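K.L.:
Dropping the sequence and predicted coords here.
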Amino acid sequence: MLINTARGLASRGHQVDYLSPADGAFLGGLPADIRHRPLPARPRQHRAALVDYIRENRPDSVIVGKDQDAVTAIRARDAAGTGVRVVVRPGTTVSRRLAGRNAIKRWRTYRALRRTYRQADGIVANSEGVRDDIAAITGIASDAIHLVRNPVITPDFHEAAAAEPVHPWFAPDEPPVLLGAGGLRRQKDFATLIAALARVREEREARLVILGGGHLEKELWSQARALGVAENVTMPGFVENPYPWMAQADLFVLSSLWEGSPNVLTEALALGTPVVATDCPSGPREILQGGQFGPLVPPGEPEAMATGILTALRAPLPAAVLQSATADYTMERNAEGYEAMLRDVHERAANR
């Protein structure tokens, strides 16, 4: 999402550099007016490289999206001594991600997060849930954390979705296709989605496509075989352009145990595809506005998910209604929010 934020700010006349390793993800999406500045391949070399970059280029602000990158950027800011401001952008519900760790590891992580976020010049969250979570962990007041929705819908978004059918299952007169997307890891909980498919198929025909790769693929296939639905499941792996799949699916299902602001859910809505989502922390309840734009079901409960899927398949909401839920998730709206946030960060710094 930071690439889309960079694109939005650049389109509004700001000079934007994008720093990442040379093999960073999605660099092909950078337009010519954004300079890519490669960082060393080894993370421990990033601080020195960032200090050199700050001293040479004198940026007004550095925006970072990962906690460890935030630590690096804050240390580089202090070493460079140019007055650059560091803004941290947490993207997930940290407390839920850490819930499985033992108490000592969780305490150490929270202590490090409190130190890092209190040293940042600004914090911007992508959902109310993430904002409240960071506030609870760090003790920073919620109203001191800016809220800017993710820049999911870009000017070329709908063009990318307008491709030919991507799989025979999307042909006319085929059974309805459910779509899930994300890494095949515990957080996304595709096991519950596969179990829900088996329950749905007790009442009607349906198929499931899961886009993404990960270490749980074999385990998920074993589950599908055990439930007798393997012939009705396909997992094509990572797909660079998932939007034609979303546009052609009968239903998008978010099965996550936790999120921050799930972009795939917003993308499906923007394409007019009906959705079902877990009511996980955080994001789905905000995006679906309490279930107004699609059923919300408890995480980890296949029976409830199946009921939500059957409900959505029987009475899908019109595409125009679904698309109306995504007005705040455009690249332009995101750029406006970041401009306002950066003005506030620099005004606060000037008044200290």
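P.N.:
Sure thing, it's come through.

K.L.:
mind listing what residue 144 touches?
P.N.:
By Cβ atoms under 8 Å, 6 or more residues apart in numbering, the contact set of residue 144 is residue 123. The way it works is simple: take the backbone N, C-alpha and C, and place the C-beta from them, glycine included.

K.L.:
How about residue 196?
P.N.:
Residues in contact with residue 196 (Cβ under 8 Å, 6+ apart) are 253, 255, 302, 303, 305, 306, 309.

K.L.:
The fourth one touches residue 199, doesn't it?
P.N.:
Yes: using Cβ atoms under 8 Å, residue 303 is in contact with residue 199, at 6.3 Å.

K.L.:
Looking at these two, which one has more neighbours?
P.N.:
Ranked by neighbour count (other Cβ atoms under 10 Å), residue 303 and residue 199 place residue 199 first, with 18 against 13.

K.L.:
Just give me how far the worst-scoring helix or strand of the chain on mean pLDDT sits from the chain centre.
P.N.:
In the chain, no helix or strand scores lower on mean pLDDT, DSSP states H and E than helix 94-97, which sits at a mean of 90. On the basis of Cα atoms, centre = their mean, to the nearest Å, helix 94-97 sits 14 Å off its chain's mean C-alpha point.

K.L.:
Quick one: residues in contact with the helix or strand following it.
P.N.:
Toward the C-terminus, helix 94-97 is succeeded by helix 103-119 as the next helix or strand (DSSP states H and E). Residues outside helix 103-119 that contact it (Cβ under 8 Å, 6+ apart) are 67, 70-71, 74, 88, 94, 98-99, 101, 123, 134, 137-140.

K.L.:
One more: stretch 291-311?
P.N.:
So stretch 291-311 is contacted by 178, 189, 192-193, 195-200, 203-204, 206, 251, 253, 255-258, 269, 274-280, 284-285, 287-288, 290, 312, 317, 321-322, 325 (Cβ under 8 Å, 6+ apart).

K.L.:
Mark which of these are buried, thanks.
P.N.:
Neighbour counting by 16 or more other Cβ atoms under 10 Å classes 178, 189, 192-193, 195-200, 206, 251, 253, 255-258, 269, 274-280, 284-285, 287-288, 312, 317, 322, 325 among the contacts of stretch 291-311 as buried.

K.L.:
Would you mind giving the domain segments of this protein?
P.N.:
The chain breaks down by automatic domain parsing into domains covering 2-151+330-350, 157-329.

K.L.:
And the first one, how far out from the chain middle?
P.N.:
In this case it means domain 2-151+330-350. Relative to where its chain is centred, domain 2-151+330-350 has its mean C-alpha point 15 Å off (Cα atoms, centre = their mean).

K.L.:
how about the helices of the stretch 51-200 of the chain, start to end?
P.N.:
Using DSSP state H, counting those that start in this stretch, the helices found in the stretch 51-200 of the chain span residues 67-80, 94-97, 103-119, 128-138, 157-161, 190-200.
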